[in-house]
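J.: fold the following for me, if possible:
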Amino acid sequence: MKSRKNILLLIIVFSLLLYSFRDSSIFYFGPSYDDGSLVPGRNQIIIEHDGLNRTFWVETPSSYSPDQNYPVLFYFHFLGSTGGTTTMENLVNGENIIGVYPDGINNTWNAGLINSDQGGSFADDYGFTLKILDWMRDNTRINENKLYAFGMSAGAIFLYEQIASRPNDFAAFALIMGNYFDCESSSYDFQRCVEGRPLIDYDRGVSILHMHGFMDRSVPYYGGPVGGYADEKLHFHSVDFAVDLWIDHNQCTAKPHIDEFLIPGVVISTYGDCNDSSEVKLYVLLNAGHGQFGDHLPQSTDYGSEISIVWDFFEKHSKNKLLSVSYTHLTLPTSDLV
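T.: Reported below is the predicted structural model:
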């Protein structure tokens, strides 16, 4: 009798583990292949790149048809997460799009950091991203005018440093809680700085949405060392630096439009009349720290607070769509973030 109880207990525990990790690559029993046979729902794809087996996840709508063209949304996860634990099922089905969620090596991304005593990833994630795009083109129909990418924290830093800065096919980017590294102030070396590569290495206008907590200490709003610690070796530029960089690149000329009342505690700045109908938009959550957006954005949204804002932005921007938009520049009170 005791042995039966033990066996039953083991079955229950194992079942709970399977349920807890049902969306991860650890206990994944859904489609897993590299032959291009996508099915409705989540698909795990494994390809070889740069001597490594790399995994990404493709989430298709329940009505998926290989004969239809789909907008494609790439999501690059934050430090410690994976593409396998990511899902945007409601957005994918509600907007009839395809979601692509790559897995970073060591649960992070290679944003161009060459030497570090803090670990991380030195994989070729830039080449991996291009290879995923090639795979998608070979194995399904995608709308080339509606390719989008957004990332959170480490994923946003990677997008700024390695994807948005280089020639790419994306129509727009959304960067949440990320920024550019400050090469001159940091003690580490960065690929972009060593190569002498400019921050933006092409002429095409690209729409940018940046979202940041004003009280963020991990990636400080006004720039500086991670966490505000004086002896920290890794430094970031300020949010204003990144936004101004893209205003200048996109040659936005319209007078900025600032909205301080649409969402309480959030200042929204919009810059328009930019090259190639692009736009630059900045959300600053005045009372939010790093990863604390949930309590500072409206919850009555269709797909979740950040994702709904990101998708509303992306919907307005495609590579062949002419827009007439206004732009806003944000001015905040100076503050010492330590």
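
J.: okay, helices next: where are they in the stretch 101-250 of the chain?
T.: 125-139, 154-158, 191-195, 239-250 (DSSP state H, counting those that start in this stretch).

J.: I'd like to know the average pLDDT value across the second one.
T.: What that stands for is helix 154-158. Taken as a whole, helix 154-158 has an average pLDDT of 95.

J.: got it, and the longest one?
T.: For helix 125-139, mean pLDDT rounds to 96.

J.: so how far is Asp259 from Ile307?
T.: Distance, Ile307 to Asp259, by CB to CB, to the nearest Å: 20 Å. Yep, even glycine has a C-beta here, placed from its N, CA and C like the rest.

J.: look at the nearest residue to Gln191 once chain neighbours are set aside and report its pLDDT.
T.: Nearest non-adjacent residue to Gln191, counting by CB to CB, 6 or more residues apart in numbering: Gly112, 3.8 Å away. Looking at Gly112, its pLDDT reads 84.

J.: number of residues surrounding Gly112?
T.: Gly112 has 26 neighbours, counted by other CB atoms under 10 Å.

J.: now do Glu232
T.: Residues near Glu232, counting by other CB under 10 Å: 14.

J.: would you confirm that it contacts Ser218?
T.: No: counting by CB atoms under 8 Å, Glu232 sits too far from Ser218 to count as a contact (10.6 Å).

J.: okay, and the common contacts of these two?
T.: Common neighbours of Glu232 and Ser218 are listed as Val226 (criterion: CB atoms under 8 Å, 6 or more residues apart in numbering).

J.: for Phe293, what are its contacts?
T.: Applying CB under 8 Å, 6+ apart, the residues near Phe293 are 176, 211, 213, 285, 305-306.

J.: sorry, wrong one. I was asking about Phe173.
T.: Phe173 is in contact with 148-150, 159, 163-164, 206-209, counting by CB under 8 Å, 6+ apart.

J.: now His235
T.: So His235 contacts 181-182, 185-186, 223-226 (CB under 8 Å, 6+ apart).

J.: what do you get for Val310?
T.: By CB under 8 Å, 6+ apart, the neighbours of Val310 are 150, 174, 176, 209.

J.: and these as JSON lines, adding neighbour count?
T.: Shown next, in JSON lines, are these (neighbours: other CB atoms under 10 Å):
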{"residue": "Phe150", "neighbour count": "26"}
{"residue": "Ala174", "neighbour count": "27"}
{"residue": "Ile176", "neighbour count": "24"}
{"residue": "Leu209", "neighbour count": "23"}
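
J.: of those, closest to Leu297?
T.: Ranked by distance to Leu297 (CB to CB), these are led by Ile176 at 11.0 Å.

J.: isn't that closest one right up against Gly213?
T.: No: between Ile176 and Gly213 there is no contact under CB under 8 Å: 9.5 Å.

J.: buried residues in the helix or strand hosting Leu73?
T.: Element membership for Leu73, per DSSP states H and E: strand 70-76. Buried residues in strand 70-76, counted by 16 or more other CB atoms under 10 Å: 70-76.

J.: what's the angle from it to helix 125-139?
T.: 160 degrees (axes from the mean of the first three to the mean of the last three CA atoms, to 10 degrees).

J.: for the contacts of His235, which one is nearest Gly265?
T.: Closest to Gly265, out of all of the contacts of His235 and judged by CB to CB, is Gly223, at 22.1 Å.
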